[in-house]
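S.K.: Sequence plus predicted model, see below.
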Amino acid sequence: MALRHFDLTLTGVAQRLSTAIPAVAGAAGPDEAYKQLIFSSAPGNAAVIYVGATSSVSSTSHGFSLDPTQATQQPVSVGPFETGPVKLSEIWVLGTNNEILHVLGVPF
């Protein structure tokens, strides 16, 4: 299956990563299984993006963050997983209004 990439414009409140799915050509929907997801912050972003597992993701409670102000900020990878998928609907993100999160996915 082909790679998928998409951008999610953040709203300032916690949102499921699966909200970006309608913009992805060929995607099977918000519960499409992925072997690996790679996250990066858009170069023009000015604020930190927080990624977590629940709607309570915050600046103090999150799995990881992407800080575009750090010169050494590298994309963050979830996976690859050989025996079980990750789904976009299981991931929550939080960022300042109009910040952009880039995601590259390897479907299962």
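M.R.: Happy to help now that I have it. Residues are numbered from 1 along each chain as shown.

S.K.: Burial check on residue 3, number of neighbours?
M.R.: Residue 3: 10 surrounding residues under other CB atoms under 10 Å. In this view, the C-beta of every residue, glycine as well, is placed from N, C-alpha and C.

S.K.: Would you enumerate the residues in contact with it?
M.R.: Contacts for residue 3 were tallied using CB atoms under 8 Å, 6 or more residues apart in numbering; they are 104, 105, 106, 107.

S.K.: so how far is residue 52 from residue 63?
M.R.: From residue 63 across to residue 52, the span is 5 Å (CB to CB, to the nearest Å).

S.K.: more crowded one of the two?
M.R.: residue 52 (18 against 14).

S.K.: burial measure for the closest residue to residue 66 other than its chain neighbours, as a count.
M.R.: Distances taken as CB to CB, 6 or more residues apart in numbering place residue 41 nearest to residue 66, at 4.1 Å, with adjacent residues excluded. Using other CB under 10 Å, residue 41 is surrounded by 24 other residues.

S.K.: Same check on the one 4 residues further on?
M.R.: For residue 45, the neighbour count with other CB under 10 Å is 21.

S.K.: tell me the two of the contacts of residue 3 that are most distant?
M.R.: 104 and 107 (11.1 Å; CB to CB).

S.K.: still on that earlier bit, next, the contact list for the residue nearest to residue 66, please.
M.R.: Applying CB under 8 Å, 6+ apart, we find residue 41 in contact with 49, 66, 67, 68, 73, 99, 100, 101, 102.

S.K.: can you tell me which residues contact the third one?
M.R.: In other words, residue 67. 41, 48, 73.

S.K.: quick one: which of these sit in strands?
M.R.: Among those, the members found in strands (DSSP state E) are residue 41.

S.K.: Let's have the contacts of residue 67 in a markdown table, adding distance to residue 84.
M.R.: What follows is the contacts of residue 67, written out as a markdown table (distance: CB to CB, whole Å):
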| residue | distance to residue 84 |
| --- | --- |
| 41 | 27 |
| 48 | 29 |
| 73 | 28 |
